[in-house]
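In: after the sequence you'll find the predicted model.
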Amino acid sequence: MGQDRRFQKEGDKIMTPGGWFTMSVSVGFVVTLFVWCIWRVLTDKRADERLHGIEDIEKGED
Amino acid sequence: MTTGSTKEVWSSRLGVILAVAGSAVGLGNFLRFPGLAAKYGSGAFMIAYFISLLILGIPICWAEWTLGRYAGQKGFRSSPGIFHALVRHPAGKYIGVLGAIIPVTIYMYYVFIEAWCLGYSWYSMTGKLNLGSDVAAYGDFWARFVGATENGLTISHGHNQVVVFLVLVFALNFVIIYRGISKGIETFCKWGMPALILLALIVLVRVLTLGTPDASKPDQSLINGLGHMWNPGTDILQQLKQPDLWLAAAGQIFFSLSVGFGVIVTYSSYLSNKDDVVLSGLTATAANEFCEVGLGGLITVPAAFIFLGAAGIVGQGTFGLGFKVLPLVFSHMPASWFFGAAWFFLLFLAAITSSLSMLQPGIAFLEEGLGLNRKQSVSLLGLLTAIGCLFVVYFSKDLKALDTIDFWVGTFLIFVMASIIIIVFGWVIGIEKAWEEAHKGAAIRIPGFFKPIIKYVCPLYLLTIFAFWVLFNVFGWNPSTGEFKPTSYVTDLVGPHSDPVARFSIGLIAVTIIFFLITTAAAGRRWDKIGDSKKKETKS
């Protein structure tokens, strides 16, 4: 994890506004996406159903 | 056509999502990602990272879920069988065999690392990891524990503690696998994944409330630790022109999501057309990203910075950060035994949910390819992986065997397999048919702009990244000077400085490949016979 000069940071010792922005956008995006997906899965009526899987295949529903 | 005797099925949608997410979430989420983001200037890295997620990670994920379910409807549950059904050519099963070889070979060394995590959790709880303030002491402890100083050290008397943990986790993996898809993998992931997230949240709250623990070092504060992790580079546009940044970001997305392993196609083959794959695939991806960016990105580097400063983190790789720096960090915290144990146990959970997914493709193949029952397939796979694992554990000096297998199978072959998957999805099946197949039973629709991404952008981007990876990591290309200097992965195998352990490791990989090729040939004959008898039945 040595700091390459090409990737020199704008502030080595303090959290800069750019750092707050990068962190907020990155973490905010993944948290929002995760919560939205889980909400969609849990509120989908079919989510409570047993998955159909191989049993349907054997009934010839291919 | 059904080929195997399995009657297995996932019992709930959340179960299969957690199983796939568990497969994806591993040590890389908590140890590798934070190190890369901090190293490559965060801002530019995250741009490349999210672009890679959009055009590489999510499309391949959807492709794998769809292809697995599609072939599963034709009665195939293993990667060779799945590609036999997809490609409709005798060579198809031999292409697909990579999806069995890759996870089974990776398991041989991954379970060893899993044992380290469980061992470190135990040692944290019992206080044996409180080794003072010198990071070298933690480095020595780790080297002795894993046998990095001498081949055979962990087998010898007095240094074999890791073997105890290895036997425990190895047996646990096979007990769970023996119980099957629903009662084994799904049940374990249903409590294991929430437990992992809960433990990570507990450790996160602890790290975010550390403040400035040492008043004599005011620079080493939480805010500055977050700054070290998240502050963007001084010139983001210039940094985005660096090919190694894109390689690192795309590689992280790629390996983190467990695409190209042969795992997702196997898991999704137990679904039917009525079961959603679009939302499920996206949710498993989102769960992985939440653990990686939302949890790993806020814990690892800031915690290490608070206690060691920037200098203490510099030069540490994934294992260095995870097993040398972080034990020291946790030993400095109040209630260190609890937070250290929680941290390493969550890493253990992340590892075991991944290792379980590495065994299922092998089990599925032995069952449907050779017609073995569960007990026989578990015994045979157990024997094969135990031999491979013993090899890795014995040749532990500098972790040469582990590193060599990880490079050629855990990285190189995964690139090959992922390229095959996305090309089969977009070009062999055809994007229109594949698109229609993906939306059968879908809870949400894939936005239309993903069509050209999946067909053109994703394969092109993947092959470009693969080419750069080979240039950098095999041929040792230096973009500044334009010179080529083959890396140690090449010079270990050929030339005057070759390493016998590296060569033996390639031998182990070769033996594994031969075993699976022979098995695939036998499976092909069996599937042809079943196909012929089905045709006769239909005619009569």
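Out: Done, it's in. Residues are numbered from 1 along each chain as shown, chains lettered A, B, ... in the order given.
In: among the helices and strands of chain A, which has the poorest mean pLDDT?
Out: When each helix and strand of chain A is scored by mean pLDDT, DSSP states H and E, helix A:53-58 comes last, with a mean of 44.
In: any idea where the helices of chain A begin and end?
Out: Taking DSSP state H, the helices of chain A run over residues A:17-43, A:53-58.
In: dump those helices into TSV; add distance to B:Leu18 as well.
Out: Every C-beta, even on glycine, is put in place using the N, C-alpha and C of the backbone. As requested, these are arranged in TSV below (distance: least, C-beta to C-beta, whole Å):
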stretch	distance to B:Leu18
helix A:17-43	10
helix A:53-58	16
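In: B:Asp528: which of those helices is closest?
Out: helix A:53-58 (20.0 Å; C-beta to C-beta).
In: phi first, then psi, for B:Tyr123.
Out: Dihedral angles phi and psi of B:Tyr123 (degrees, to the nearest 10) take the values phi -70, psi -30.
In: the residue lying closest to it once chain neighbours are set aside: how many residues sit nearby?
Out: Nearest non-adjacent residue to B:Tyr123, counting by C-beta to C-beta, 6 or more residues apart in numbering or on different chains: B:Leu129, 4.6 Å away. Applying other C-beta atoms under 10 Å in any protein chain shown, we find 25 residues neighbouring B:Leu129.
In: B:Leu129: what's it in contact with?
Out: B:120, B:123, B:138, B:141, B:327, B:330-331, B:340 (C-beta atoms under 8 Å, 6 or more residues apart in numbering or on different chains).
In: from those, which is closest to B:Glu537?
Out: The closest of these, once distances to B:Glu537 are taken by C-beta to C-beta, is B:Tyr120, at 56.7 Å.
In: wait, isn't the closest one in contact with B:Phe323?
Out: Yes: using C-beta atoms under 8 Å, B:Tyr120 is in contact with B:Phe323, at 6.7 Å.
In: roughly how far does the closest residue to B:Ile101 other than its chain neighbours sit from chain A?
Out: Spatial nearest neighbour of B:Ile101, excluding adjacent residues (C-beta to C-beta, 6+ apart): B:Phe516 at 5.1 Å. Counting by C-beta to the nearest C-beta, to the nearest Å, the gap between B:Phe516 and chain A amounts to 24 Å.
In: low-confidence regions, chain A specifically.
Out: Residues of chain A meeting the criterion pLDDT under 70: A:1-13, A:46-62.
In: try it again with 90
Out: By pLDDT under 90, the low-scoring segments of chain A are A:1-15, A:44-62.
In: let me have the helices of chain A in a markdown table, extended by distance to chain B.
Out: What follows is the helices of chain A, written out as a markdown table (distance: least, C-beta to the nearest C-beta, whole Å):
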| stretch | distance to chain B |
| --- | --- |
| helix A:17-43 | 4 |
| helix A:53-58 | 3 |
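In: out of the ones you listed, which is the most enclosed?
Out: Stretch with highest mean neighbour count among the helices of chain A: helix A:53-58 (a mean of 19; mean count of other C-beta atoms under 10 Å in any protein chain shown).
In: got the buried residues for stretch B:300-317?
Out: Buried residues in stretch B:300-317, defined by neighbour count with 16 or more other C-beta atoms under 10 Å in any protein chain shown: B:300-310, B:312-313, B:316.
In: is it positioned near chain A?
Out: Yes: applying C-beta under 8 Å from any C-beta of the partner chain, one finds stretch B:300-317 in contact with chain A at B:310, B:313-317.
In: returning to that earlier point: show me the contacts for the residue nearest to B:Ile101.
Out: By C-beta under 8 Å, 6+ apart, the contact list for B:Phe516 reads B:97, B:100-101, B:104, B:365.
In: and the two most separated of these?
Out: Farthest apart among the contacts of B:Phe516 by C-beta to C-beta are B:Val97 and B:Val104. That separation is 10.5 Å.
In: returning to what we had before: do you know the pLDDT at the residue nearest to B:Tyr123?
Out: Confidence at B:Leu129, expressed as pLDDT, is 90.
In: name the helices or strands packed onto the helix or strand hosting B:Phe468?
Out: Element membership of B:Phe468, judged by DSSP states H and E, is helix B:458-473. Packed against helix B:458-473 by the contact rule (3 or more C-beta pairs under 8 Å, 6 or more residues apart in numbering or on different chains; DSSP states H and E) you find helix B:58-72, helix B:243-256, helix B:414-423.
In: rerun at 10 Å
Out: Contacts defined by 3 or more C-beta pairs under 10 Å, 6 or more residues apart in numbering or on different chains; DSSP states H and E place helix B:458-473 against helix B:43-52, helix B:58-72, helix B:243-256, helix B:414-423, strand B:477-478.
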